[in-house]
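Trainee: Sequence and computational prediction follow.
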Amino acid sequence: MNRLKECCFVVIGTSFGLGYAPVAPGTFGALPGVAMFLAIVLWTPAVWHTWLLLAALVVVCAATLALSPWAERYWKKKDPGTFVTDEVAGFLATVLLFRRGELLFLTLWAFVVTRAFDIVKIPPARQLERIRGGWGILLDDLAASLYAAGFLHALAACLPQVMGIR
């Protein structure tokens, strides 16, 4: 593989190097997902938000699946911690499924809750992680996002003021 292609793969796979963070690389690696979400919500018409978020999620999932075999060879381990495109996909999935409340509250809650569910890995997320290759890397994060979105919907129903919902 040529050096330029490998460099591009590293930049994408590590979310612009954030996956190299010495602590919580997945949490830092998810931040480009936050930036993508905010760019979409702040700079595009509201009628496009769902479709643009879905498109971003599909692109990030496709990149994760395409680059996962390379990442496992490059870092010589299954689901390397520095490979964090799956965390970006997880955040995008959460905000695609839950977008209520003031933007600041929504973004913070979605980020924290998504990361918490990804770290805890409630079944079947932990079992999905065991699937070989890119699907195992990706599906546990998407499962965590389903839990996160469900939790956020419940929180918004029980304590709307916490979510900035009036």
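Mentor: Good, I have the coordinates. Numbering: from 1, shown residues only.
Trainee: per-residue confidence averaged over the helix or strand hosting Leu65?
Mentor: For Leu65, the host element (DSSP states H and E) is helix 49-74. For helix 49-74, the mean pLDDT works out to 97.
Trainee: Run through who's touching stretch 45-63.
Mentor: The contact list for stretch 45-63 (C-beta atoms under 8 Å, 6 or more residues apart in numbering) reads 12, 33, 36-37, 40-41, 44, 85, 88-89, 92-93, 95-96, 99, 138, 142. All C-beta atoms are positioned from the backbone trio N, CA, C, and that covers glycine.
Trainee: switch to 6 Å and redo it
Mentor: Met36, Ile40, Thr44, Thr85, Val88, Ala89, Leu92, Ala93, Leu96 (C-beta atoms under 6 Å, 6 or more residues apart in numbering).
Trainee: That one: which residues count as buried?
Mentor: His49, Leu52, Leu53, Ala56, Leu57, Val60, Cys61, Ala63 (16 or more other C-beta atoms under 10 Å).
Trainee: Please tabulate those in a markdown table, including the columns distance to Pro80.
Mentor: A markdown table is the format used below for those (distance: C-beta to C-beta, whole Å):
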| residue | distance to Pro80 |
| --- | --- |
| His49 | 32 |
| Leu52 | 29 |
| Leu53 | 27 |
| Ala56 | 23 |
| Leu57 | 22 |
| Val60 | 17 |
| Cys61 | 18 |
| Ala63 | 15 |
